[in-house]
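*Asks:* Sequence plus the predicted model coming up.
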Amino acid sequence: MNQISQTTPSKGPLRSIEKDRGRFTRIIVLLVAIGIAIFGATRIATLVQGPEISIEYPTDGTRIHDQTLKVLGRAQNISSLYMNGHPVYTDSYGYFDETLLVPPGYSILEVTAKDRFGRTVTKQIRVIYK
C-alpha cells in the first residue's frame, strides 16, 4: 500500500514565496494607510483654515481712468461671498470677476467671505477714479 503524504515543506522555495507575499501585503496595507492619513490631514487643514480671499486686480491704491472697474480674485473655503454688500458668485475653482461702476474720486471696495461655520474674512481695496 502506497501512502502519499502531503506535507508542506518547512524549507525551500515555496516557504520563501509565502514569506515574501506576507511582507508585500503588509507593505501595501501600510502605504494605503499612509495615503489615507495624508488625504485626511489635507481635508482637515482646509476646514481649520477658514475662508480666504485674494484680490488679483485692482491692487490697493490703484488709480483708474475709466468708470467701469473689473475686480478679479479668488475665494477659497467659502459658503458665501459679497462685494460691497452684493452677492458675488465664483466658478468651480473659486475665481470671481465682477464689474463695478466707480464714482469719481476715492472709493473703497469691500469683499467679505463667510464659511459654513460662520467665520468671516474681509478685504478692502481703495481705488481712485480721476
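*Replies:* Looks like it came in fine.
*Asks:* Next secondary structure after the worst-scoring helix or strand of the chain on mean pLDDT?
*Replies:* Of all helical and strand segments in the chain, the minimum by mean pLDDT, DSSP states H and E falls on helix 13-49, at a mean of 76. Using DSSP states H and E, the helix or strand that follows helix 13-49 in sequence is strand 52-57.
*Asks:* and residue 92, what element?
*Replies:* Judged by DSSP H and E, residue 92 forms part of no helix or strand.
*Asks:* Find the residue ranges of this protein scoring beneath the pLDDT cut-off.
*Replies:* 1-19, 43-48 (pLDDT under 70).
*Asks:* quick one, what contacts the nearest residue to residue 80 once chain neighbours are set aside?
*Replies:* Spatial nearest neighbour of residue 80, excluding adjacent residues (C-beta to C-beta, 6 or more residues apart in numbering): residue 114 at 4.9 Å. For the C-beta atoms, the positions are set from N, CA and C on the backbone; glycine is no exception. Residue 114 makes contact with 51, 78-81, 120 under the criterion C-beta atoms under 8 Å, 6 or more residues apart in numbering.
*Asks:* Return a PyMOL selection command for the buried portion of those residues.
*Replies:* Of the contacts of residue 114, the buried ones go into a single PyMOL selection, burial set by 16 or more other C-beta atoms under 10 Å:
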select buried, resi 51+78+81
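*Asks:* Including distance to residue 62 and secondary structure, could the contacts of residue 114 go into JSON lines?
*Replies:* Below are those laid out as JSON lines (distance: C-beta to C-beta, whole Å; DSSP: H, G, I helix; E, B strand; the rest coil):
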{"residue": "51", "distance to residue 62": "24", "secondary structure": "coil"}
{"residue": "78", "distance to residue 62": "24", "secondary structure": "coil"}
{"residue": "79", "distance to residue 62": "29", "secondary structure": "coil"}
{"residue": "80", "distance to residue 62": "26", "secondary structure": "strand"}
{"residue": "81", "distance to residue 62": "21", "secondary structure": "strand"}
{"residue": "120", "distance to residue 62": "25", "secondary structure": "strand"}
